[in-house]
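Undergrad: how would this look folded up:
(one chain, ligands or ions: 1)
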Amino acid sequence: MKIGVLALQGAVAEHVRMLQKAGAEAFPIKKVEQLEDISGLVIPGGESTTIGRLMRMYGFMERLQQLASSGFPLFGTCAGLIILAKRIAEQETSHLGVMDIDVQRNAFGRQRESFETNLVLEGIADDFRAVFIRAPLILEVGSDVQILAKHKDSIVAARQGHYLAASFHPELTEDERLHAYFVQMVQSYAWGNTEGKKQEIQREQEI
Ligand SMILES: NC(=O)CC[C@H](N)C(=O)O
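TA: Model prediction:
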């Protein structure tokens, strides 16, 4: 299973290492053409305005939107979550805008710019050490979005079909369980696509 990590800004090497630890082949993705060689993509943390600007500059937006609409799995962490969101509070425009969530940037205030806490990640882990750094939170989710974790009352991880998002940095600890969960998502979508293609070919042959 080949999974990419968008390598325009942020903790790329750490995500690559965690995906490998979770059993995937992982690569940094610097050019839009490289998207054709992978079955899923992690969008790392960093600064969402900068990542968004670089994505536009290098032609990633359009191709990723096309891929996303046909079931290509995406995992956004921290700034990556902001990139996935359809709505960003106090901002008129979104970036990729594919996941049905409303997010608030830098939501934990100045005093708590960064902190660590243990989270229950629904169906994944009940003691997940999560590192938050100038983290966003999810204010609201659409009806088909599954909430995976809350910190106090705020939503900090969610999944919608082939989209996965976390406010924190799962690449900064040694716990690869959330990456392993994404690898499984990619596997099941890749399998679904192959099955879909097989059925299509079969139908064409029957005609
Ligand atoms: N660690 C992070 O990715 C921080 C995200 C950053 N505060 C933003 O709004 O883009």
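Undergrad: how much space is there between the residue nearest to the spatial centre of the chain and the ligand?
TA: With distances taken as CA atoms, centre = their mean, the residue of the chain nearest its centroid is residue 75 (1.6 Å). Computed as CB to the nearest ligand atom, to the nearest Å, the residue 75 to the ligand distance reads 14 Å. Every residue, glycine included, has its C-beta placed from N, CA and C.
Undergrad: could you say what helices and strands the helix or strand containing that residue packs with?
TA: Applying DSSP states H and E as the criterion places residue 75 in strand 74-77. Helices and strands touching strand 74-77, by 3 or more CB pairs under 8 Å, 6 or more residues apart in numbering; DSSP states H and E, are strand 40-43, helix 79-84, strand 163-166.
Undergrad: sorry, back to before: isn't the residue nearest to the centre of the chain up against residue 160?
TA: No: the criterion here is CB atoms under 8 Å, and residue 75 misses it with residue 160 at 11.8 Å.
Undergrad: re the thing from before, and of the helices and strands packed on strand 74-77, who's closest to residue 124?
TA: strand 163-166 (10.3 Å; CB to CB).
Undergrad: hang on, residue 88 packs against residue 79?
TA: No: taking contacts as CB under 8 Å, residue 88 lies outside contact range of residue 79: 11.2 Å.
Undergrad: The two - which one has more neighbours?
TA: Set residue 88 next to residue 79 and count neighbours by other CB atoms under 10 Å: residue 79 wins out with 25 against 22.
Undergrad: neighbours of the closest residue to that one other than its chain neighbours, just the number please.
TA: Using CB to CB, 6 or more residues apart in numbering and skipping residues adjacent in sequence, the residue nearest residue 79 is residue 48, 4.1 Å away. When counting by other CB under 10 Å, one arrives at 26 neighbours for residue 48.
Undergrad: what's residue 48 sitting at in phi/psi?
TA: phi -60, psi -40 (degrees, to the nearest 10).
Undergrad: Residue 118: neighbour count?
TA: Neighbour tally, residue 118, other CB under 10 Å: 11.
Undergrad: which residues does residue 120 contact?
TA: Residue 120 makes contacts with 126-128, 149, as judged by CB atoms under 8 Å, 6 or more residues apart in numbering.
Undergrad: Can you pull the residues of the protein lying near the ligand?
TA: With CB under 6 Å from any ligand atom as the criterion, the chain meets the ligand at residues 45-48, 78-79, 82, 105-106, 133-134, 136.
Undergrad: of these, buried ones?
TA: Among the residues of the chain next to the ligand, those classed as buried by 16 or more other CB atoms under 10 Å are 45-46, 48, 78-79, 82, 105, 133-134, 136.
Undergrad: So which bits of stretch 97-110 are buried?
TA: 97-105, 107-108.
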